[in-house]
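Enquirer: Sequence first, predicted coordinates after that:
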2 protein chains.
Amino acid sequence: MRVAGILLVEDDPSVRTALELALTRQGHSVTSYATGEEALDHIRARRPEIAILDVMLPGIDGIEVCRRVRKLDQLPVILLTARGDDLDVVVGLEAGADDYVVKPVEPRVLDARIRAILRRAESAASDRITFGDLVVDRGALKVTLAGKEIHLTPTELRLLLELIRHPGQVLNRRYLLREVWDHTHIADSRLVDACVQRVRAKIEPRPGEPVFIHTVRGFGYRFNPP
Amino acid sequence: MRVAGILLVEDDPSVRTALELALTRQGHSVTSYATGEEALDHIRARRPEIAILDVMLPGIDGIEVCRRVRKLDQLPVILLTARGDDLDVVVGLEAGADDYVVKPVEPRVLDARIRAILRRAESAASDRITFGDLVVDRGALKVTLAGKEIHLTPTELRLLLELIRHPGQVLNRRYLLREVWDHTHIADSRLVDACVQRVRAKIEPRPGEPVFIHTVRGFGYRFNPP
DNA sequence: ACGGATTGTCACGATTTGGTGACGTAACTC
DNA sequence: GAGTTACGTCACCAAATCGTGACAATCCGT
């Protein structure tokens, strides 16, 4: 069971303690504050995994906290608001909130949303990415195709990872030489082509008609999510 | 204004048409279906940018569609459900939905959520410019016309990109030779004309009466956003 | 040091491309 | 409307680009 460092900001003490208790019961680690100022300090100092912000707060309100947090980094944010306040929804989402929950909150619902958002945030930074049949585990440095593990040599793997880091983008040879090989020199060589070919031979069902790594003549290569 | 290819799945015809109308008014491009099966086909064939799924559907329900879509790729999903059905929220978010909206839906709210999600999804995506039917993706180096991918050769693409970089501006031949060809020499030749012609043949519906690349006699060429 | 794995290099051929000039056509001038 | 200029169009072939397989150099564990 995953335990998240949750930052809860809610000025109503009874709601705050109730939510804190409920979330703690669900297995989360919660820190709560009553004001936006305190929250911002906490975020800067303690780096929580997710923030749950009441929209209506004395001083800096939840939306403003959200906006400032968003400028800082990708910390996921859930906004809490009184029922039916549609304007808040619009403004809140535009401020960059990941989700929006209406009070009174069913703890089970809030928990599900927290987990969904964390899962999403995690998958964005996670070690495993799936492209159809192709699964690349960046933590374990393993690649599987249709469930079968594929052995890639270090250079091949670095090349594939570099391509995958920019899905859909065309990367030219010079860039790849710099990122994968550290070469700044070497104007022309078939090096990249040869390595691409080797990777294709291993991950493409039909290397003649590549599905994943496409050649863009005159420019470079592009990894295409299927 | 960003125009999204939205897939809407809702079995109640009145709700469906109402939502479709509202979203279209907000500037989105919407395709709608009544069943999950159709939706899955559409997703495979047309690659929408976001899917809005009613949870209660005949046959494959929205949550199941969501689950299958998630296995396939990163398509963002918003679930629609009847008010107060908390169980759906939990299950839905666990199926990987990005958001969850309670019916009846305020179109403005739905629009805000769609935009928030697209904004999030887009930050990872590449930079595309749309000129009517013509979409130029400068990251993927892909050009599509009315959804169909157009193959441009490197020089043709560089020329088009250069023209697009200065929409509405007249670019003379000398300038284009410098930017696209690196030539400083070559005073006169039909080189630029020939290339413009080749690009026109590929992107203009009627190359005889160009819509995008206009000739400015005595000066050069101008890319006109429609 | 040996053997295998890995990685860089090269050469060759298949394919794509794009520059060129000749010529036809449209536009502008008077 | 004739003359002039600018532009469009086309086909050809040299050059560029890639894929590929063979091979050499290097690395690494035993």
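Expert: On my side now, so go ahead.
Enquirer: so what's residue A:94 up against?
Expert: Counting by C-beta atoms under 8 Å, 6 or more residues apart in numbering or on different chains, residue A:94 makes contact with B:112, B:115, B:116. Yep, even glycine has a C-beta here, placed from its N, CA and C like the rest.
Enquirer: Considering only chain A, name the residue that lies closest to DNA strand C.
Expert: Residue of chain A nearest DNA strand C, by C-beta to the nearest atom of the strand: residue A:153 (2.6 Å).
Enquirer: How many residues are close by that residue?
Expert: Residue A:153 has 12 neighbouring residues, counting by other C-beta atoms under 10 Å in any protein chain shown.
Enquirer: again with residue A:166
Expert: 17.
Enquirer: Next up, the contacts around it.
Expert: Going by C-beta under 8 Å, 6+ apart, the list of residues near residue A:166 reads A:223, B:139.
Enquirer: Skipping adjacent residues, who's closest to the residue of chain A found nearest DNA strand D in space?
Expert: Nearest to DNA strand D in chain A, going by C-beta to the nearest atom of the strand, is residue A:215, at a distance of 3.3 Å. Of all residues not flanking residue A:215 in the chain, residue A:221 sits nearest, at 6.1 Å (C-beta to C-beta, 6 or more residues apart in numbering or on different chains).
Enquirer: Three-state assignment for the one you found, please.
Expert: Three-state assignment for residue A:221 (DSSP: H, G, I helix; E, B strand; the rest coil): strand.
Enquirer: Make sure it is actually in contact with residue A:168.
Expert: No - between residue A:221 and residue A:168 there is no contact under C-beta atoms under 8 Å: 11.7 Å.
Enquirer: Could you list which of the contacts of residue A:94 belong to helices?
Expert: Cross-referencing the contacts of residue A:94 against helices under DSSP state H gives B:112, B:115, B:116.
Enquirer: Most neighbours out of these, which is it?
Expert: Using other C-beta under 10 Å as the neighbour criterion, residue B:116 leads the ones in helices among the contacts of residue A:94 with 23 neighbours.
Enquirer: List the contacts of that residue.
Expert: Residue B:116 is in contact with A:93, A:94, A:96, A:97, B:99, counting by C-beta under 8 Å, 6+ apart.
Enquirer: model confidence over the helix or strand harbouring residue A:195, on average?
Expert: In the assignment (DSSP states H and E), residue A:195 maps to helix A:191-203. The average pLDDT for helix A:191-203 rounds to 93.
Enquirer: Ok, stretch A:14-23 next?
Expert: Stretch A:14-23 comes out with an average pLDDT of 85.
Enquirer: With stretch A:145-152 instead?
Expert: The model assigns stretch A:145-152 a mean pLDDT of 88.
Enquirer: Return the alpha-carbon coordinates of that stretch using PDB.
Expert: The C-alpha trace of stretch A:145-152 is given here as PDB (Å, rounded to 0.1, in the frame of the first residue of the first chain):
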ATOM      1  CA  LEU A 145       7.900  -7.200 -26.500                       C
ATOM      2  CA  ALA A 146       4.600  -9.000 -26.300                       C
ATOM      3  CA  GLY A 147       5.600 -10.300 -22.900                       C
ATOM      4  CA  LYS A 148       8.900 -11.700 -24.100                       C
ATOM      5  CA  GLU A 149      12.000 -10.000 -22.700                       C
ATOM      6  CA  ILE A 150      14.300  -8.500 -25.300                       C
ATOM      7  CA  HIS A 151      18.000  -8.200 -24.800                       C
ATOM      8  CA  LEU A 152      19.300  -4.800 -25.800                       C
END
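Enquirer: does any part of it sit near chain B?
Expert: No - under the criterion of C-beta under 8 Å from any C-beta of the partner chain, chain B is not reached by stretch A:145-152; the shortest gap measures 13.5 Å.
Enquirer: how far out from the middle of the chain is that stretch?
Expert: Centroid separation for stretch A:145-152 versus its chain: 25 Å, with C-alpha atoms, centre = their mean, to the nearest Å.
Enquirer: same check, this time on stretch A:135-149
Expert: For stretch A:135-149, the distance to the chain centre is 19 Å (C-alpha atoms, centre = their mean).
Enquirer: So what would you say the end-to-end distance of it is?
Expert: 9 Å (C-alpha to C-alpha, to the nearest Å).
Enquirer: For chain A, list the residues in contact with DNA strand D, please.
Expert: Chain A has residues A:190, A:193-194, A:196-197, A:200, A:207-208, A:215-220 near DNA strand D, with proximity defined as C-beta under 7 Å from any atom of the strand.
Enquirer: Mind pulling up the pLDDT for the nearest residue to residue A:39 once chain neighbours are set aside?
Expert: Closest residue to residue A:39 apart from its sequence neighbours, by C-beta to C-beta, 6+ apart: residue A:9 at 4.4 Å. The per-residue pLDDT reported for residue A:9 equals 90.
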